[in-house]
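In: no sequence on hand, only this structure:
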């Protein structure tokens with residue numbers, strides 16, 4: 001077992017998300033608290049440093065979908081927000097978990113925690129949805145405060161999650177599914193093609209063929225290949241519009257003083273994909 005906080009300490013110390021799409025800022029605030037810097041940092045100050053982006057609820061469909069693809073905070077915003085809010089005392093790195101990594105996730109996280117790092121997971125909550133539950137419409141940033149034989153201890157909300165569920169949500173393509181009712185409610189009143197011209201040459205948008213027409217059936221806004229998305233053993237009927245989602249999956253944050261005392265972020269360490277790792281528990 002490796003713990004940043006005990007369960008009792010997590011109950012006392014964790015910050016809980018207060019605003020829409022602000023799970024990233026909440027994760028950063030929890031990181032700062034875990035590193036002993038939270039008492040001098042307010043939630044509002046962290047929010048200003050992270051610069052959470054909101055969904056543009058009143059926009060027409062093209063701009064609405066664009067806003068959904070960047071809503072919340074990217075990994076770069078979390079890294080910059082943590083550094084700014086801590087006045088340069090905290091540094092971090094994020095790593096992609098896609099394509100799927102062959103990793104002993106418990107051992108890998110324990111390795112980071114033993115070196116003084118505080119992990120943050122960015123998970124696709126539309127994957128590994130429990131049977132009978134509604135599919136969420138967002139990804140989620142959560143600080144990890146410990147690991148053990150029972151699983152992975154998460155903040156916001158406080159929960160103990162099985163490692164295989166966390167891994168499936170981490171090892172996900174950067175893709176967000178938008179609910180049918182959200183798509184239809186943002187269609188323009190005038191019928192006709194509605195193309196996301198600003199990103200039509202972006203490879204991620206072009207690959208998904210995100211093109212929407214205003215007609216009276218959900219079939220009209222499936223992509224041209226008749227896409228239906230799959231989340232593990234669940235087949236999602238075409239009531240979702242896929243859009244690219246620009247996020248990495250796992251972050252580790254350290255005090256700068258700890259970074260100087262360890263070689264975690266230096267070249268020559270065991271590699272994790274195209275980034276760094278703290279040990280040999282993970283490989284592509």
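Out: Nice, thanks for sending it over. Here the structure is a predicted model, which means the values were calculated and not measured.
In: for the longest strand along the chain, what does the pLDDT average out to?
Out: Using DSSP state E to define each element, the chain has its longest strand at strand 139-148. What strand 139-148 shows for mean pLDDT is 96.
In: cool, and stretch 52-63?
Out: Looking at stretch 52-63 alone, the average pLDDT works out to 89.
In: any idea how far apart the tips of that stretch sit?
Out: Its start and end residues considered, stretch 52-63 measures 17 Å (CA to CA, to the nearest Å).
In: ok, back up a step: buried sites along the longest strand of the chain?
Out: Neighbour-count burial for strand 139-148, counted by 16 or more other CB atoms under 10 Å, picks out 139-147. For the C-beta atoms, the positions are set from N, CA and C on the backbone; glycine is no exception.
In: how about stretch 110-118?
Out: Buried-residue list, stretch 110-118, by 16+ other CB under 10 Å: 110-113, 115-118.
In: over to stretch 174-193?
Out: 174-178, 182-184, 186-187.
In: element containing residue 92, please.
Out: Assigned by DSSP states H and E, residue 92 belongs to strand 90-95.
In: what is the subsequent helix or strand relative to that strand?
Out: strand 102-103.
In: so which elements touch that following strand?
Out: Strand 102-103 sits against strand 282-283, with contacts defined as 3 or more CB pairs under 8 Å, 6 or more residues apart in numbering; DSSP states H and E.
In: average pLDDT across the strand it packs on?
Out: For strand 282-283, mean pLDDT is 40.
In: the protein: helices as residue ranges?
Out: 7-13, 23-34, 43-50, 61-70, 75-85, 105-114, 163-170, 180-185, 203-208, 256-261 (DSSP state H).
In: any idea which of those is most buried?
Out: Sort these by mean neighbour count, taking mean count of other CB atoms under 10 Å, and helix 23-34 sits at the top with a mean of 28.
In: average pLDDT for that one?
Out: For helix 23-34, mean pLDDT rounds to 96.
In: is it true that residue 78 touches residue 250?
Out: No - assessed by CB atoms under 8 Å, residue 78 is found out of contact with residue 250, at 11.3 Å.
In: give me the common contacts of these two.
Out: Jointly contacting residue 78 and residue 250 under the rule CB atoms under 8 Å, 6 or more residues apart in numbering are 94, 120.
In: state the distance from residue 162 to residue 62.
Out: From residue 162 across to residue 62, the span is 39 Å (CB to CB, to the nearest Å).
In: about what we covered before: how far off helix 43-50 does the longest strand of the chain point, in degrees?
Out: Interaxial angle, strand 139-148 versus helix 43-50 (axes from the mean of the first three to the mean of the last three CA atoms, to 10 degrees): 110 degrees.
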